[in-house]
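Novice: Following is a predicted model, sequence given first.
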Amino acid sequence: MKRAYKVVDAFSSRPFLGNPVAVILDAEGLDTAAMQAIAGWTNLSETTFLLPPSTPEADYRLRIFTPRSELPFAGHPTLGSAHAMLEAGRVTPRNGKLVQECRIGLVNLTVDSEGPERRITLDLPAATVTPLAAADVAEMEAILGRPVDAGAVPSIVNVGAVWAVAQMADAETVLDLRPDFARSVKFEQRLGITGITVFGAHGGGEAAIEVRSFAPSCGVEEDPVCGSGNGSVAVFRRDRGLLPAGGADYLAAQGRRVGRDGRIAVKVDATGKVSIGGACVTCVDGFLAG
């Protein structure tokens, strides 16, 4: 059978500059093995499969796969899939809100405006933060080939996707990194994490920080523009006292090193809740055979 299929660039209003997610809008009848095979075939950082919800509180259910495994949650696939559903007329926001069901639970989304001006924002799932042991920090520095900022102890941040997060000296240091991916695979598998996300401050300009996310154990050496990675960075910055106590709004940049140039709107409110948002644009609209 033919299944409606889109490729959506998240965190960009211009095609080919955000992070692409393959979205299968008609996933009923596909088992886990078939979904994983399709995700391996698209070979994008994530492929999603839209299904009817199993709870009346949700508008739809989403399963999210990397080329090698299923994730309980991920940021850019959440935004891109919501965009695809809205564009296809499969869902209608209720008072500007959508509720996505995925393995981590229910995720709330806010939809602002329509068409090319549409912006979608997700509320990040509750996070757990665990400081990295000194030996693991040393191994991370060996993988990255650069020292991390010793003033903010690197941590594992679990938001469904699980990132080892570290602050670097500045944005240029982040952009210059050339990680040892083979070594990172072993590090990720030993710690049971999705990958490594790092950030550094810009000295001025549109974006406050530059972010890069590496997940070679998932089959993704570098995720172009990572929602869960940016959410984890926001949690890390909040917990390390790197943001004002009353909350903050800022713009993050990611993707320049892989030919992308995404922008992620990040909000941390006074209670510590993190929201991640941005634009999305459809680059492929058609059908998947089989």
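Specialist: On my side now, so go ahead.

Novice: Endpoint to endpoint, stretch 214-233 covers what distance?
Specialist: This stretch, stretch 214-233, spans 13 Å end to end (Cα to Cα, to the nearest Å).

Novice: mean confidence score for that stretch?
Specialist: Averaging pLDDT along stretch 214-233 gives 97.

Novice: Please apply the same query to stretch 2-16.
Specialist: For stretch 2-16, mean pLDDT is 96.

Novice: List the buried residues for that stretch?
Specialist: 3-13 (16 or more other Cβ atoms under 10 Å). For every residue, glycine as well, the C-beta is placed using N, CA and C.

Novice: Tell me the helix or strand right after the helix or strand hosting residue 135.
Specialist: Secondary structure from DSSP states H and E places residue 135 in helix 134-144. Sequence order places strand 155-158 as the next helix or strand after helix 134-144, per DSSP H and E.

Novice: That following strand pairs with which strands?
Specialist: Here strand 155-158 is paired, per DSSP bridges, with strand 128-131 (antiparallel), strand 162-167 (antiparallel).

Novice: Output the first one in PDB, but only the C-alpha positions, please.
Specialist: In this case it means strand 128-131. Output of strand 128-131 as PDB, limited to C-alpha atoms (Å, rounded to 0.1, in the frame of the first residue of the first chain):
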ATOM      1  CA  THR A 128      17.100  14.100  35.500                       C
ATOM      2  CA  VAL A 129      20.700  15.400  35.800                       C
ATOM      3  CA  THR A 130      23.700  13.300  37.000                       C
ATOM      4  CA  PRO A 131      27.200  14.700  37.200                       C
END
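
Novice: Any buried residues in it, and which?
Specialist: residue 129.

Novice: quick one: that strand to chain centroid distance?
Specialist: Taking Cα atoms, centre = their mean, to the nearest Å, one finds the center of strand 128-131 at 18 Å from the center of the full chain.

Novice: number of nearby residues for residue 93?
Specialist: 17 (other Cβ atoms under 10 Å).

Novice: what's the closest non-adjacent residue to it?
Specialist: Distances taken as Cβ to Cβ, 6 or more residues apart in numbering put residue 111 closest to residue 93, at 4.6 Å, once the chain neighbours are dropped.

Novice: buried ones in the helix or strand hosting that neighbour?
Specialist: For residue 111, the host element (DSSP H and E) is strand 105-112. With burial defined by 16+ other Cβ under 10 Å, the residues of strand 105-112 counted as buried are 107, 109-111.

Novice: ok, which stretches of this protein are helices?
Specialist: In the chain, the helices defined using DSSP state H lie at 32-42, 75-87, 134-144, 171-176, 181-191, 227-239.

Novice: looking at the ones you listed, which is closest to residue 97?
Specialist: When the helices of the chain are compared by Cβ to Cβ, helix 75-87 sits nearest residue 97, at 10.9 Å.

Novice: Now do that closest one, average pLDDT.
Specialist: Mean pLDDT, computed over helix 75-87, is 97.

Novice: try stretch 281-290
Specialist: 92.

Novice: ok, residue 210 - how many residues close by?
Specialist: 23.

Novice: Which strands border the strand holding residue 111, and is each parallel or antiparallel?
Specialist: Take DSSP bridges as the rule and strand 105-112 pairs in its sheet with strand 97-102 (antiparallel), strand 119-123 (antiparallel).

Novice: got the ones you listed as TSV, with distance to residue 174 and mean pLDDT columns?
Specialist: Formatted as TSV, the strands paired with strand 105-112 follow (distance: least, Cβ to Cβ, whole Å; pLDDT from 0 to 100):
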stretch	distance to residue 174	mean pLDDT
strand 97-102	29	98
strand 119-123	24	98
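
Novice: Residue 186 is nearest to which of the ones you listed?
Specialist: For the strands paired with strand 105-112, the distance to residue 186 is smallest for strand 97-102, at 28.4 Å, taking Cβ to Cβ.

Novice: Give the buried residues for that closest one.
Specialist: Using 16+ other Cβ under 10 Å as the test for burial, strand 97-102 gives 98-102.

Novice: Can you tell me what sits against that strand?
Specialist: The list of residues contacting strand 97-102 from outside it, by Cβ atoms under 8 Å, 6 or more residues apart in numbering, reads 53-55, 57-64, 72-73, 78, 81-82, 91, 106-111, 122, 160.
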